[in-house]
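> Below is the sequence, then the predicted model.
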Amino acid sequence: MRWRARFLRAASFSLVIAVLSIVWLVLLPAYARQPKMRQHLQWLDEKGIDPSAMYYTELEIMDEILAKQRRAELRLVPHES
C-alpha cells in the first residue's frame, strides 16, 4: 500500500508539472502572438515600460494607462434607461 501512495504522489506531481509546462511553453507564447497582445507589448516597449515592473514602480505614464483602462471599462458597462 505504501508504494501505491508514493506512486500516486509522484504521478500527481508529474501531472502538475506537465500542466504548468503546457501553460508556460504553449499557451502563454500563443497568447503573446495574438495581434491585440502584440500591440499592447509594442506600446509598452515604445513607452520604455518593463511589464514585469509595471505594478511595482511609479511610472509617469500610469495616469494615461489608468485613464485608458477606465474609458475601456466605461464602454463595457451597459447604460440604464
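Right, received. Where do you want to start?
> make it CA atoms for all contacts and neighbour counts henceforth
Fine.
> give me every residue that touches I61.
Residues near I61 by CA atoms under 8 Å, 6 or more residues apart in numbering: K47.
> who does the longest helix along the chain touch, helix- and strand-wise?
Counting residues, the longest helix found in the chain (DSSP state H) is helix 2-22. Applying 3 or more CA pairs under 8 Å, 6 or more residues apart in numbering; DSSP states H and E, one finds that helix 2-22 contacts no other helix or strand.
> Quick check: closest non-adjacent residue to A32.
Of all residues beyond its chain neighbours, the one nearest A32 is R38 (6.0 Å), with distances taken as CA to CA, 6 or more residues apart in numbering.
> So which residues make contact with the helix or strand hosting the one you found?
R38 belongs to helix 35-46 when assigned by DSSP states H and E. Helix 35-46 is contacted by residues 31-32, 50-51 when judged by CA under 8 Å, 6+ apart.
> What about these, which are in helices?
Under the assignment DSSP H, those contribute 31-32 to helices.
> Just the C-alphas of the very next helix or strand once past the helix holding R38, formatted as CSV.
Later in the chain than helix 35-46, the nearest helix or strand by DSSP H and E is helix 62-76. The C-alpha trace of helix 62-76 is given here as CSV (Å, rounded to 0.1, in the frame of the first residue of the first chain):
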residue,chain,number,x,y,z
MET,A,62,0.5,55.4,-15.3
ASP,A,63,-2.1,58.2,-15.3
GLU,A,64,-2.5,57.8,-19.0
ILE,A,65,-2.7,54.0,-18.7
LEU,A,66,-5.3,54.2,-15.9
ALA,A,67,-7.4,56.7,-17.9
LYS,A,68,-7.3,54.5,-20.9
GLN,A,69,-8.4,51.5,-18.8
ARG,A,70,-11.2,53.5,-17.2
ARG,A,71,-12.5,54.6,-20.6
ALA,A,72,-12.5,51.0,-21.8
GLU,A,73,-14.4,49.8,-18.7
LEU,A,74,-17.0,52.6,-19.1
ARG,A,75,-17.6,51.4,-22.7
LEU,A,76,-18.3,47.9,-21.3
